[in-house]
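*Asks:* What follows is a predicted protein model with its sequence.
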Amino acid sequence: MSTQENIHPGMNLGYEGETHVAELKVFGFWVFLMSDLVTFGLVFAIFGTMVGATAGGPGPEDVTNLRSVALQTALLLGSSFAFSWASLSMKYHETRLRTLGWLAIAATSALCFLIVEFLDFRHWLEIGAVPQRSGYLSALWALVGLHGLHVFAGLLWMAAMTGQIIVFGLTDIVKSRVTRMGLYWHFLDIVWVGIFSMVFLAGVA
Amino acid sequence: MRSIHVRAGSLAAISAPVAMLGDPALAAGFLRPIGPIAEMQLLELIWASVIVLIAVLPVFVGVPVILWRYRRSNNQATYSPQWHFNTKLEILMWGVPTAIVVAFGIWLAQGVFRIDPYRTIDAEMARGMEFEIAGPTVRIDIVGLDWKWLYLYPDEGVASVGEMVIPVHRPVEIRLTSDTVMQSFMAPALAGQIYAMAGMETQLNLIASEEGETLAENTQYNGTGFPQQRGPVRAVAEDAYDAWIASARTAPPLDDRTYGLLAKSGDLAAARDDLDREGSGPFAFTLPDGALFGRVLARYMTGEPVPPETQPGSPTYDPEAARLPAAPHGAGRSVACTPTGPDADAVECPFPDDTHDNHMPGMDHE
Amino acid sequence: MNNLLGRLTWDDVKLFEVFEEFSIDSAVASGAAWVAVLGLVAVLAWITLARRWVWLWREWLTSVDHKKIGIMYIILGFVMMARGIAEGVVMRTHQATALDGGFLSNHHWAELFSTHGTVMIFFVGMPFITGFMNYLIPLQIGARDMAFPLLNQVSLGLTTTGAILVMASLVLGAFETGGWTAYPPFTGADFDPGPGPDYWIWAIVLSGFGSMFSGLNFAVTIYKMRAPGMHYLRMPVFCWTALCTSILLVFALPPLTVAGLMQALDRVAGFHFFTNDLGGNMMNYANLFWMFGHPEVYILILPAYGIFSELTSTFAAKRLYGYTSLVLATMSIAVISFCVWLHHFFTMGQSPTINVAFGIATAIIAIPTGVKVYVWMATLWRGRIRMTTPMVYMAGFFILFTIGGFSGIILANPAINWQVHNTQFIVAHFHNVLLPGLIFGIFAGIHIWFPKAFGFRLDERAGTITAVLWIVGFAMTFLPLYVVGLMGYPRRSAAFADPAFLPYMIVCLLGAFVLLAAFAGLFVTLWISIRNREALLVPLGDPWDGRTLEWATPAPPPHWNFPVIPEVNARDAFAREKAEGKPYVVPQEYRDIHMPPNTSSGFWVMLATTGFGFGMTWHIWWLAVASVISILVWYFIHSFRDHPEVVIPAVEVRRVNQAWIEAIDLGKPITRDHETGTKNRGYAATDMVIAS
């Protein structure tokens, strides 16, 4: 197979050796994301069937705080935006400092997202909207929690990548990993847009 | 739609091999139907088999012939190793199964719409299937318990455990639910099965076209007493039915305490023990509360948790602790709704359009 | 102590149950536990006495070679199959005595049908097909390994985790009793608070992750690593079926994972997904489970279709008829398999329109399946068929699988399904498609590729007798169940009251003993073949006049598969080379080969996930948490390490390849008349080679 044609356009990789491997890994990661998307899709579907199953407990209007949700959206999208800058600086600038800076902004923003989400969770606990209360709340916690868990895992990954950029520099392997991390990060944004509109906006509409 | 004629006579030829299966008095499932629905299902089976045989027979015949004729030691046979495509053969290979599936699909759709378990059995349905309706509909509510079926006759004010009695030639309209795990009710000589699930209502319609005794069973595994959960279904003449109702009306009442004990996991013998009923086999009750079925449904919809102690079928179930909720509004034969909030009069139907509480959007029955 | 071991107590150890209270039932339960424990001890002792630990660790457990991983999957499948078959025979014995009774307790009986189903689907069927795909895909597409060799090893580790958890339930505690589908609320905390359902959940979820990653790995390998010139329409049919199975694995495992994890949340954390109360809805579980469950059937059977396709053309000495039709049919099956899941519960009370739609969709799947059977018949037509062991399996498959397909279409009609759903008719049907479909395919495949993997053929006579036993045993054991199913005998029933069923149950029991003999026959075949291996050696690598690239390597193939990556210019590349009279070409230039290094990752993942699953099952929370953290920390450290590839110098590659080529030059090509004789050293004469 011709290596020239298969270079992943998102990365300025060297043209020897690692390219084929990097291409395989990025492609494989896309396949993984498809599978993960099916997982989210199913949890969404279950949520959809359980919207009415509040069993007399708190419903969508009780758990939706649009201001908080708007803030979370801004933080998560902001994190994604910062990550794209990290990717671009990784592609066009050889200094690691700029990439690290953008990564730090992305991570901080995502951390703030998790904190605000956590405050929401705490509020839900306070008003008795615990997952044990009803099928609706079980599905809500599972869906929002699954996304939150993904973001948390992403933060761990970002920490590891920060370490690797410091230790190894912007090598081809590191670049390939950051690129996949980027796919993951933007993917979580898309899922959040789904949660934002299906769970919260539709819930109070 | 072409009408489908089901005649007992036309089935005689098929029933003949069934006779060899064993004693005819015993269960032969829907191979020995006593009602038009099961007869129709048997006919569906026969037709489906015949249609599909067209596709299957060539394999049964062709494979042995090919394996023998083209064996390696047979040098007489033609050998065309390069042959790998033939347009006509391709058309045949794809076309014949497609044609069969089209025929099969049309046949299937007609059958399913005709004998859908939710379809009321009335003169219109009878027109295509030529059976006789004599008398008004009998309404039965079935509650699945571990490990017996409880049959409620709210209009007659009686109930029966382990035995269903129906008058012949009268449509029977059944609602089902479970007061434990999921079960599946099947009286094969009369109609196919339908699931019974806690907090949900499913429906089954059937009619007996001849007198006879057959079997009703649970086919969904629900614990160690599962094989015991079967009992007779008797299709009897009108006067015998009236006599049975009359005798049931002399039985002790199925009050809340009795129901709580009956709901304990156990077979009929255990239930007799618990309720101090002498003898063996199925037994009857008078049914003081016509809304019992609705209350069983409502047990799971009060907005309160049903912990294991109050959950029939659970290993820690305690009949004293378990209490059925009060009858929800219109619990007689209509939708079970959830009373919400401290004000018990505020009744809310959480699933506005459902007649049987399938929470599955798009899957509800019309 | 209590806290340290969660809810695990001495009473849960089943080994001594029989000594505390003797009954046939407790004897069977304790006996099985002892067999498991002593079997494990015996294996470990043998490894120690034979001083094989280092060898085992270096050559197998840490290997990332796709061929070795494939073989380990198949060994795992056989170990679990021994358990599944033993359970099957015990169940058949029970049911033959079950006229108002049976010798087992009803609870034990329920555990048996639940473990039997779980083991056979997830830990026999899945390892078998995964093993075959592992072994064959890289060899058939001309690659050196999988796209992700390390992930491949981790997948094996995860599958093994599931198997270990199911085996642990034999010794500690009990398995669940709700069947392999484990429908809630029966398996919910209210009705079964014990560890059984938890064993099931974690065995399925953890091994499910492994299967998903396997699917991902295979799909990427097939998409991206085909040898130059191997277009999609030049791929061997097995690779096509493997590709479709991989796609199904990637998309069909998530519903199972979601269902399992939600059920776990219900049980452990008191959620209300599938409970009776507070808005739970078990119908969601049924939908999720079968959204996985139906594609799963095709995940299992498609690779077997691939094996049948390869063997018809090989043993009929003919080109495969209708390659394009076969590929199209495979793809259609893969797609339609996602549109039929509801036919597993036509009886749930949905509208007739929905039932009709899913009924017709189900019937539509029969079209491509029928086409496949016809295609194989057309391939045999006007061939020169050699009735070797694989062809015997194939013959049995043709007839028996067609019966299974026949009953399958009957079941697609909801009006009939309402009557036979949940009866023995269903039991007959799915054994009828999975045993002749999947298992016969696997065994035929083992006869074909065993010589490739181990360098010597399996004994033909013993193999053929075993195949016949499988066919006869299957027919006796499962065909009678159709009849009792139609008569209304529910499945999973520990007892029956109708004497009319008894004769059928006795025939089934006899059949089960034949199947047991057939299973033993596999090992007898292996034993005879190992003893006679000198006479059965096929080091030159092509005992069956094969058509695809894997036959263009020595048997067993070197670690790196091919000295240079082959250039492919036709379908059935090796057959083309032979027909053109230039197989076994010496490469002009040898280069260093880079191979991935050995790693112990899979092993540690297996240990940690077993700890996690066990901890979650027995509520040993510290163990579960520690396992998760250890995986994260380990992975973190791993990502900071450099993992240099192993370089195989060109000289070594040259030496190995030259030795093989020289052996071929010295060897004598044999015609198909001597295929099963001792002269067959794996160098096929080109008298009957037909290029595609």
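*Replies:* Structure received.
*Asks:* pretty sure C:Y305 is touching C:I442, no?
*Replies:* No - contact criterion Cβ atoms under 8 Å: C:Y305 and C:I442 do not qualify, at 11.8 Å. Bear in mind the C-beta positions are built from the backbone N, C-alpha and C, glycine included.
*Asks:* quick one, which of these two is more surrounded?
*Replies:* C:Y305 (30 against 23; other Cβ atoms under 10 Å in any protein chain shown).
*Asks:* end-to-end on stretch C:593-600?
*Replies:* Start-to-end span of stretch C:593-600 (Cα to Cα, to the nearest Å) is 22 Å.
*Asks:* Could you say which helix or strand holds the closest residue to chain A within the stretch 1-150 of chain C?
*Replies:* Closest to chain A within the stretch 1-150 of chain C is C:A147: 4.8 Å, counting by Cβ to the nearest Cβ. Counting by DSSP states H and E, there is no helix or strand that carries C:A147.
*Asks:* Residue numbers of chain A in contact with chain C?
*Replies:* By Cβ under 8 Å from any Cβ of the partner chain, the residues of chain A that approach chain C are A:1, A:23-25, A:27-28, A:31-32, A:34-36, A:38-39, A:42-43, A:46, A:49-50, A:52-55, A:57, A:131-139, A:141-142, A:156, A:160, A:163-164, A:167, A:177.
*Asks:* Is there a quick PyMOL command that grabs whichever of those are buried?
*Replies:* To isolate the buried ones among these in PyMOL, judged by 16 or more other Cβ atoms under 10 Å in any protein chain shown, type:
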select buried, chain A and resi 23+24+25+27+28+31+32+34+35+36+38+39+42+43+46+49+50+52+53+54+55+57+131+132+133+134+135+136+137+138+139+141+142+160+164+177
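*Asks:* neighbours of C:T181, just the number please.
*Replies:* With other Cβ under 10 Å as criterion, C:T181 counts 19.
*Asks:* Also the one 3 residues further on?
*Replies:* By the other Cβ under 10 Å criterion, the neighbourhood of C:P184 contains 30 residues.
*Asks:* For it, which non-adjacent residue is spatially closest?
*Replies:* C:F274 (3.8 Å; Cβ to Cβ, 6 or more residues apart in numbering or on different chains).
*Asks:* just checking, the one you found touches C:N281?
*Replies:* Yes - counting by Cβ under 8 Å, C:F274 does reach C:N281; the two are 6.7 Å apart.
*Asks:* about what we covered before: now do the residue of the stretch 1-150 of chain C closest to chain A against chain B, distance only.
*Replies:* 32 Å (Cβ to the nearest Cβ, to the nearest Å).
*Asks:* and the closest residue to C:N598 other than its chain neighbours, how many neighbours does it have?
*Replies:* With Cβ to Cβ, 6+ apart as the criterion, C:N598 has its nearest non-adjacent residue at 4.2 Å, and that residue is C:T62. Around C:T62 there are 17 other residues, counting by other Cβ under 10 Å.
*Asks:* Next: B:A243.
*Replies:* With other Cβ under 10 Å as criterion, B:A243 counts 13.
*Asks:* which residues does the residue positioned nearest the centre of chain B contact?
*Replies:* The centroid of chain B falls nearest to B:Q193 when counting by Cα atoms, centre = their mean (2.6 Å). Residues near B:Q193 by Cβ atoms under 8 Å, 6 or more residues apart in numbering or on different chains: B:S184, B:F185, B:M186, B:T219, C:T347, C:W418, C:Q419, C:H421, C:N422.
*Asks:* And it, which helix or strand is it part of?
*Replies:* Judged by DSSP H and E, B:Q193 forms part of strand B:191-196.
*Asks:* circling back to that earlier point, which pLDDT value goes with the residue nearest to the centre of chain B?
*Replies:* Here, the pLDDT recorded for B:Q193 equals 96.
*Asks:* so how far is stretch C:346-357 from its chain's centroid?
*Replies:* 32 Å (Cα atoms, centre = their mean, to the nearest Å).
*Asks:* If you count neighbours, what's buried in that stretch?
*Replies:* C:F346, C:T347, C:M348, C:G349, C:Q350, C:S351, C:P352, C:I354, C:N355, C:V356.
*Asks:* what does stretch C:74-84 give?
*Replies:* C:I74, C:L76, C:G77, C:F78, C:V79, C:M80, C:M81, C:A82, C:R83, C:G84.
*Asks:* what about B:A237, neighbour count?
*Replies:* B:A237, neighbours per other Cβ under 10 Å, totals 12.
*Asks:* list the contacts for it?
*Replies:* B:P167, B:V168, B:E211.
*Asks:* tally of neighbours for the first one?
*Replies:* Same thing as B:P167. Count around B:P167 with other Cβ under 10 Å applied: 24.
*Asks:* Could you find the closest non-adjacent residue to it?
*Replies:* Closest to B:P167 by Cβ to Cβ, 6+ apart is B:Y241, at 3.9 Å.
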